[in-house]
Each structure stands twice: as structure tokens, then as C-alpha cells.
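In: What follows is a predicted protein model with its sequence.
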Amino acid sequence: MRNRLSIGLAALRAVGIGAVVLLLVNPTRSRPLAVTAPPLVLLDASLSMAGPAGPWRAALDSARRLAAGGTIWRFGVGVTAFDTTAPAEGATRLGPGLAAAAARGGPVVVITDGAVADAADLPPDLRRRPRVLVLPRAGGFDAYVAAVDGPRRVVAGDTVRLRVAYGAAGKRDGGRGTRGAITVSVEARRLVSRPVVLPDSGVMVTDLTLPSSLLPRPGYQVLEVRLDGINDSEPRDDARLFVIEVSPQPTAVVLAAPPDWESRFFARTLEDVARVPVRLYARTEPGRWRDGATLAPVANDALARAAAGARLVALIGDPAALAPFARRSGVLIWPLTTARSGDWYVDPPPASPFAGSLAGVAWDSLPPAVGLTEIPVDSAATVLLTARLGRRGSPRPLALMRDSAGNRSVTVAGTGLWRWGFRSGAPSEAYRTFVAALADWLLAERGAGSGERFTPVTPEVPNGVALDWRWLGRDPPATRALVLESAAGVHTDTLRFDMSGHAQLHLAPGTYRWRAADGPERGLVAVEQYSDEWRPAPVTLGPQRGEPGDARRDVGARDQWWLYVLALAAFVAEWAWRRRQGLP
């Protein structure tokens with residue numbers, strides 16, 4: 001009897017103390033709330049849902065049925081309100097839609113074909129929350145042109161070399177061939193063709209070469225690169241567009257004697273930042289010059305004509321070998337043979353016409369120049385940059401400019417600056433900024449400077465993807481009006497740049513010649529019929545039941561009223577039992 005009494009009293013005390021400990025520690029757990037909000041349906045509106053093989057009609061019917069008075073959102077590149085128009089999004093990204101639905105109570109339903117580009121990047125809590133209904137596309141064999149790469153600007157007479165990636169996916173049947181041809185056309189006129197053999201799956205690469213003389217005229221041209229002779233289930237991804245600009249003569253000529261990394265990096269960066277045709281010539285041996293791109297020999301008289309007709313001439317290397325091409329204006333002189341070796345660290349720029357352009361460069365993060373040539377500084381020269389050996393001693397001129405009666409020239413004394421462009425991040429941006437400032441100032445003297453305030457990032461984009469534009473001007477980004485001319489007629493649109501200098505413009509498939517309504521900017525852009533969404537893609541998001549609702553709250557032990565009652569009842573019962581037994 002005494003043992004049962006002791007066990008009973010101990011059990012009551014343990015229950016009371018355990019309840020008090022839980023109330024003091026207050027452990028919590030997440031619990032879904034019972035909600036009565038109508039469901040939110042996220043409907044895949046990417047291009048893969050459209051077309052003969054796409055389940056768009058079935059997806060629309062399912063969305064209306066599952067919404068049941070709730071809300072339907074379309075998702076693709078972003079999230080938009082519901083409408084019944086055909087899908088037009090060039091990518092399938094579910095993350096923004098789930099993030100937007102996270103703060104909304106009630107269940108979430110996703111209707112898609114399962115080919116979700118960002119499925120692997122979805123946070124686990126967002127991925128498991130919605131119910132997912134997968135309506136797969138009809139399968140089939142598809143051959144496609146994946147990508148085209150090549151020079152964007154060429155000079156009349158140049159050879160244009162294109163690298164074309166093509167591939168195949170899906171199961172072939174007896175009527176599907178494995179051989180076809182890659183053809184390049186412009187304005188519906190075939191220029192070149194090359195036979196190819198399709199891979200069993202994946203992508204292969206081939207090169208095509210065509211002389212620019214085959215192009216109908218100088219200026220902007222749109223090359224159509226097509227995979228012909230293949231009977232596949234999806235013809236909309238059989239061709240890609242590639243925009244190229246043909247110039248009668250190079251705007252800038254770079255002469256390297258001897259050729260080295262300095263001239264190669266400078267020529268490549270100059271073409272990129274100045275957006276003008278650039279030709280590189282290299283002196284490989286005494287008295288012999290070669291084209292820097294093809295290594296074909298170049299006659300001295302042809303070289304002299306190219307240098308005389310160019311608006312900017314860069315002389316990089318041995319001053320004695322480059323002396324026949326020297327001129328008073330529009331020239332960049334970069335001597336390399338008499339430089340004093342050492343670690344020459346560049347100082348922040350002094351006051352000069354270039355100081356504003358170079359103000360954003362992080363000079364302390366740049367690798368040092370490996371050499372410096374002594375250059376005279378007279379009253380007509382303005383120092384642009386200085387450098388000090390080992391960060392000690394007096395500064396020496398690294399770059400200076402001269403502007404005498406409208407004749408502009410720049411001399412760069414540092415060697416090894418190509419290492420800025422070789423690295424990524426701040427050094428690469430500093431090199432681009434430095435070259436762009438030199439080119440703008442030298443080209444502006446003879447009217448060749450583009451004066452562009454904005455430009456498209458790429459001249460062509462796939463179907464359903466917005467054209468990206470970047471701001472180039474020194475003034476803060478501002479809204480600009482565009483005039484667009486296409487086969488459908490002429491219309492105007494507006495570029496609204498954000499504070500980072502980027503803007504987007506959505507256009508229907510086609511070719512557009514554009515110009516600024518109030519400036520010199522002009523060019524050509526193309527929106528392709530091709531889209532990655534047309535190509536067969538694996539299912540990355542499978543069907544799932546999801547959770548009943550996305551509204552949850554944390555429930556702690558102190559939120560449970562019965563714990564207080566249990567602790568109080570246990571201690572009272574122990575006290576009463578002890579009193580009846582005459583125990584202290």
C-alpha cells in the first residue's frame with residue numbers, strides 16, 4: 001500500500017513539473033490554418049503550351065474548373081493577370097508566381113506541361129506548397145538550330161565565318177531522315193549551304209564561310225540560318241536570325257608591330273565599346289603585314305589606303321616600324337619597345353576632359369602596368385593618367401592627350417594594360433571604360449563618334465523574350481521614344497530606363513529598323529520565330545497533391561490552455577492526497 005502511495009504521489013508531481021517546464025520553455029511548431037479562401041490557380045502561359053502539340057485548351061478548361069470562383073494568374077517570364085489569349089512567354093519560370101502567392105491565404109494550384117526552367121531553384125517550402133497538375137505535350141521528333149555565332153561588324157570584302165549549333169531530340173520513326181543542310185539566306189536569297197548529319201540526340205557544331213560580297217548592300221543585314229531537308233514535328237525552331245553590319249571601309253585601324261596581347265585586347269575592346277568596324281593588321285616580319293583575323297598577307301599600298309581612310313588609327317608597338325603611318329589627328333600612339341620594366345601602379349586621374357568618364361573606376365583594384373615609356377610633356381599636352389613605380393616616388397605620365405587646332409591625338413605609355421581586360425570584374429570594366437573614353441574623344445573629332453545614348457544589348461532575341469537595351473550616355477538614364485519600321489508598318493514605342501540604365505521592349509516576331517525620335521541612334525533588331533520553348537524539354541516539375549493551404553502560424557506551449565489546467569490539477573491532487581494520508 002505504501003509503495004502504491006509513493007508511486008502515485010511521484011507521478012502527480014512529475015506531471016505537474018513537466019507541464020510547468022513546457023510552459024517555461026514554450027516550444028513551438030508550425031501548424032496550417034483552416035482557411036476558406038478560394039484557390040489561386042497559376043496557369044503556365046509559355047509558348048510550349050501553344051501549338052498543335054501544346055495542351056493550352058485543356059489547361060484553360062482545367063484552370064476555370066479548379067478556380068471555382070477564385071483567381072487565375074498567368075506565369076511565364078513573369079506573372080500577369082488572366083486572359084484567354086494564346087501563350088506568348090518565351091520562358092517558364094514558376095518562382096515569381098509562387099513568391100507572389102506566398103502571402104495569400106488559401107490553396108494554390110499550378111497547371112503546367114512540367115517543363116519548368118527554374119524548378120531546381122525553387123525553395124523547398126514554396127515547391128511543396130502548391131498542388132501541381134501536369135498536362136504533358138505530345139511527343140515527337142524535332143530537329144532545330146540551337147545557336148548562331150559570328151562577327152557582328154565586317155568590312156566589305158571580309159570573309160564572314162559563322163558557327164552554327166544544331167541538334168535533334170525525340171524518337172525518330174521510319175519517315176524521319178538523318179541528313180539535311182544548313183543554309184544561310186538574306187532577303188529570301190540563298191547564299192551558302194552545307195550538308196549535315198543530325199546527331200541521335202544533343203547538339204553538334206559546324207562552321208560556314210561566306211564572303212561579304214554576297215550580301216546585297218552595305219549596312220545592316222539579317223541572315224537567316226535554316227536547317228533544311230528535315231521532316232520534323234516542330235518547324236518553328238528550324239531557323240535562327242543573325243544581324244550583321246557591313247561597312248564600306250573600317251572606321252578604326254589598329255596596326256601592331258610586332259603583334260602582342262596589347263594590340264589584340266585593344267582591338268577587340270575597341271570594336272565592342274565604340275560599335276564601329278575595326279580592322280587589325282600585324283607586322284609579323286620586317287616589311288610584311290598580315291590581316292589580324294585571317295593572317296592573310298596584306299600589300300603595303302592596301303594597308304596605306306586602309307590607314308588613310310580610317311577615322312581612327314592606333315599605332316601599337318615599335319615607333320620606328322609604325323612611323324610611315326603616323327599622322328597628326330585621330331591617332332593613338334602606344335609605344336611598347338622602350339618601356340622601363342617594373343610594377344607601375346596607376347593613380348586616380350587628375351583634372352582633364354577624361355576625368356568625368358574615368359571617375360567610377362576603382363583604381364586601387366587594378367593590376368599594375370608592367371612597363372612605362374618616358375614621354376615628353378609639353379604645353380600642348382594634358383596628362384590623363386599617371387603611374388608610380390611600386391606606389392612610391394613621383395608620378396610619371398601614363399597617358400596624355402593633345403588637341404591642337406582641332407587635331408586630336410592620344411599617347412599611352414603603359415604596357416601590360418591588357419591584363420585589366422583579361423581579368424573579370426572591376427579590372428575588366430576599367431579597361432573597357434578607358435578604351436571607350438579614348439575612342440569617344442578621338443572619333444568625335446572627325447564626326448565618327450556615334451554619340452549614342454542607348455543601344456540594344458543584342459540585336460536579336462527569341463520569340464517571347466523582351467529586347468534588352470542599355471544606356472550609354474553620360475547623362476542620367478531617361479525615357480526615350482523610338483520609331484520602329486517593319487513589314488507591318490511604322491509605329492512608335494517608348495524605352496523607360498531604370499536607374500541602372502536598363503530598359504526592355506516587347507515586340508512581335510519580325511525585323512525592325514529603329515531610330516530615336518530625338519537623336520542619332522538607329523539600327524536594326526530582329527525578333528525570331530524561334531524559341532527554346534518549341535524544343536522538346538524534360539519534365540522537371542512532376543504532379544503533386546500539395547498542402548491544403550499556404551497560411552500557417554506558429555503555435556507555442558503557452559497557447560495550449562489545457563497545460564495550465566493539467567499543472568494546476570496535478571499539484572492540487574498531490575496536495576489533497578498528502579493531506580488525507582497525513583503526510584507533510
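Out: Arrived safely, thanks for sending. Numbering: from 1, shown residues only.
In: give the contact list for the nearest residue to residue 72 once chain neighbours are set aside.
Out: Nearest residue to residue 72, sequence neighbours excluded (Cβ to Cβ, 6 or more residues apart in numbering): residue 82, at 3.9 Å. From N, CA and C alone the C-beta is placed, and that goes for glycine too. Listed by Cβ atoms under 8 Å, 6 or more residues apart in numbering, the contact set of residue 82 reads 43, 63, 71-74.
In: and what of residue 187?
Out: Listed by Cβ under 8 Å, 6+ apart, the contact set of residue 187 reads residue 216.
In: if I look at it, how far off is residue 513?
Out: 14 Å (Cβ to Cβ, to the nearest Å).
In: Then residue 504?
Out: 19 Å.
In: quick one, phi/psi of residue 243?
Out: When read as degrees, to the nearest 10, the backbone of residue 243 gives phi -90, psi 130.
In: Report how many residues lie close to it.
Out: Other residues near residue 243 come to 18 when the count uses other Cβ atoms under 10 Å.
In: Tell me the pLDDT of it.
Out: For residue 243, the pLDDT comes out at 94.
In: who does it bridge with?
Out: Listed beta-bridge partners, residue 243: residue 222 (assigned using DSSP bridges).
In: now residue 494
Out: Counting by DSSP bridges, residue 494 is bridged to residue 481.
In: what's around it, how many residues?
Out: So residue 494, with other Cβ under 10 Å, has 11 neighbours.
In: Isn't it up against residue 478?
Out: No: in this structure, residue 494 is not within contact of residue 478 by Cβ atoms under 8 Å, at 11.0 Å.
In: And the strands in the stretch 1-150 of the chain, which stretches?
Out: Taking DSSP state E, counting those that start in this stretch as the test, the strands found in the stretch 1-150 of the chain are 28-32, 40-44, 71-75, 79-81, 108-112, 131-134, 142-149.
In: most packed of those?
Out: Each of the strands of the stretch 1-150 of the chain was assessed for mean neighbour count using mean count of other Cβ atoms under 10 Å. The highest is strand 40-44, with a mean of 26.
In: can you tell me which residues contact the residue lying closest to residue 310 once chain neighbours are set aside?
Out: Distance criterion Cβ to Cβ, 6+ apart; nearest residue to residue 310, sequence neighbours excluded, is residue 253 at 4.1 Å. Residues in contact with residue 253 (Cβ under 8 Å, 6+ apart) are 278-279, 281, 306-307, 310, 312-314.
In: Would you agree residue 71 is in contact with residue 63?
Out: No: contact criterion Cβ under 8 Å: residue 71 and residue 63 do not qualify, at 10.3 Å.
In: Show me whatever sits in contact with both of these two.
Out: The contact sets of residue 71 and residue 63 overlap at 41, 82 (Cβ under 8 Å, 6+ apart).
In: Between its first and last residues, how far does stretch 494-507 reach?
Out: For stretch 494-507, the first-to-last residue distance is 12 Å (Cα to Cα, to the nearest Å).
In: Per-residue pLDDT of residue 387, please?
Out: According to the prediction, residue 387 has pLDDT 93.
In: mind checking how far it is from residue 364?
Out: Noted for residue 387: a distance of 13 Å to residue 364, by Cβ to Cβ.
In: Looking at the contacts of residue 82, spot the one nearest residue 573.
Out: Closest approach to residue 573 among the contacts of residue 82 (Cβ to Cβ): residue 71, at 54.1 Å.
In: Now do the same contact list for that closest one.
Out: For residue 71, the contact set (Cβ under 8 Å, 6+ apart) comprises 38, 40-41, 82.
In: Go through these and say which is closest to residue 338.
Out: So of those, ranked by how close each gets to residue 338 (Cβ to Cβ), first place is residue 82, at 71.0 Å.
In: Distance-wise, check that closest one relative to residue 348.
Out: Noted for residue 82: a distance of 55 Å to residue 348, by Cβ to Cβ.
In: buried ones in whichever helix in the chain runs longest?
Out: Longest among the helix segments of the chain by residue count, using DSSP state H, is helix 2-25. Of the residues in helix 2-25, 9, 12, 15-16, 19-20, 22-23 count as buried by neighbour count, 16 or more other Cβ atoms under 10 Å.
In: And the contacts of that helix?
Out: With Cβ under 8 Å, 6+ apart as the test, helix 2-25 has contacts from 557-558, 563-564, 566-567, 570-571, 573-574, 577-578, 581.
In: could you redo the last one with a cut-off of 10 Å?
Out: 556-558, 560, 562-578, 581, 583 (Cβ atoms under 10 Å, 6 or more residues apart in numbering).
In: again, but for stretch 555-573
Out: Contacts of stretch 555-573 (Cβ under 10 Å, 6+ apart): 8-9, 11-31, 553.
In: Could you verify that the residue nearest to residue 310 is part of a strand?
Out: Yes: Residue 253: assigned to a strand according to DSSP: H, G, I helix; E, B strand; the rest coil.
In: Identify the bridge partners of it.
Out: residue 279, residue 313.
In: What separation is there between it and residue 272?
Out: 16 Å.
In: Measure how buried residue 381 is and give me the count.
Out: Neighbour count of residue 381, defined by other Cβ under 10 Å: 17.
In: try the one 10 residues further on
Out: Neighbourhood size, residue 391 [other Cβ under 10 Å]: 12.
In: Chain neighbours aside, what residue packs nearest to it?
Out: residue 345 (4.9 Å).
In: can I assume the one you found is in contact with residue 385?
Out: No: taking contacts as Cβ atoms under 10 Å, residue 345 lies outside contact range of residue 385: 11.1 Å.
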